[in-house]
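Novice: here you go, sequence then predicted model.
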Amino acid sequence: MFGIGLNLRPSNFQRVFIRPKGILYGLFGQLVIMPTFGFLVAYLSPIDPIFKLGIVLITACPGGTSSNLITYLLNGRVALSVSITAFNSFLTILSIPIILELGIYFFLGKDKDISLSIYQIFTEISLTVILPVFLGMLFRHNFTDTTIRMKPYLRYLLPLLLLVMFSFILFTENNSDNATSFNYNFGLLIPALIINLGVMVIGYYSSGWIGIKHSGKFTIAIEMGLQNSALAIFIANNLLKLDGLATIAVLYGSFSFFTTFIIAFIMKRFGRKDEEDGF
């Protein structure tokens, strides 16, 4: 996120809020469209109820910081991506408990009170999104020449760093209690892929229907396709403590970065490009 901040100016964020259609629809897509689609896929999928709830959980979570990196690598609207990630992470403090309570009642037939720590979410988003992006922008402002020399290497360095962290996290998860359920439920890959592809396609085309231009469309699609799997795993293991609930999140986190990048690249490469990239 510091590296992404090196490529941003305050004017990038001014554009987001002066013409807020992109951020408002991006938040609507993640808070309303995604959970609705998640409930639909879960209901139609012939899988155990606990995995149905796992689908609902992953679609209720906000986009992760990896979505900002993919947007940066594909020359999308990075400021829009960062803004959606930050705002949606705060809003999900309210939305995730409501969505999960509905999912538990609908698929498991019982009630359960769920609450998220406002302090914990605020601290996480501040330290992983807001602060490093601000420091990156500050570094660029004070050391412009150095930043210009660094920029050609960032497109290789940032994905490499993420790949190292991703490999470590995946190795850790595969050696945890989630690994058993993951290995024996490979059939969950189909609904997980449907979620990934489905929400991106819906986000891309529906945002175009309300007048959002091409770069904003695939930026929103990226935000909707790449969810914060780490948060989903934390909620499943530490708050709900239901056996098997984290399986979908582990599975989704193992492939969604790569599939989201490929799908977004296709959308960018073959989607209709507007002459004037407004909004």
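Specialist: Ah, there it is. Numbering: from 1, shown residues only.
Novice: rest of the way, CA atoms for contacts and neighbours
Specialist: Fine.
Novice: any idea of the mean pLDDT for the longest helix along the chain?
Specialist: Taking DSSP state H as the criterion, the chain has its longest helix at helix 144-174. For helix 144-174, the mean pLDDT works out to 73.
Novice: swap in stretch 68-83?
Specialist: 87.
Novice: mind listing residues that contact it?
Specialist: With CA atoms under 8 Å, 6 or more residues apart in numbering as the test, stretch 68-83 has contacts from 1, 4, 8, 12-13, 16, 22-23, 65, 67, 85, 129, 155, 158-159, 215-216, 218-220, 222-223, 261, 265, 268.
Novice: now do Asn178, the pLDDT please.
Specialist: pLDDT at Asn178 comes out at 50.
Novice: in strands, which of the contacts of stretch 68-83 appear?
Specialist: With strands taken from DSSP state E, there is no overlap with the contacts of stretch 68-83.
Novice: mind giving me the packing neighbours of the longest helix of the chain?
Specialist: The helices and strands touching helix 144-174, judged by 3 or more CA pairs under 8 Å, 6 or more residues apart in numbering; DSSP states H and E, are helix 65-73, helix 131-142.
Novice: let's have those in JSON lines, adding distance to Lys52.
Specialist: Shown next, in JSON lines, are the helices and strands packed on helix 144-174 (distance: least, CA to CA, whole Å):
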{"stretch": "helix 65-73", "distance to Lys52": "24"}
{"stretch": "helix 131-142", "distance to Lys52": "35"}
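Novice: could you say which of the ones you listed is packed most deeply?
Specialist: Mean neighbours per residue, mean count of other CA atoms under 10 Å, is largest over the helices and strands packed on helix 144-174 for helix 65-73, with a mean of 23.
Novice: please export the C-alpha coordinates of that one as PDB.
Specialist: Extracted C-alpha coordinates of helix 65-73, given in PDB (Å, rounded to 0.1, in the frame of the first residue of the first chain):
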ATOM      1  CA  THR A  65      -5.800  -4.600  -0.100                       C
ATOM      2  CA  SER A  66      -4.800  -7.000  -2.900                       C
ATOM      3  CA  SER A  67      -7.600  -5.500  -5.000                       C
ATOM      4  CA  ASN A  68      -5.800  -2.100  -4.900                       C
ATOM      5  CA  LEU A  69      -2.600  -3.800  -6.200                       C
ATOM      6  CA  ILE A  70      -4.500  -5.400  -9.100                       C
ATOM      7  CA  THR A  71      -6.100  -2.100 -10.000                       C
ATOM      8  CA  TYR A  72      -2.600  -0.500  -9.900                       C
ATOM      9  CA  LEU A  73      -1.100  -3.200 -12.100                       C
END
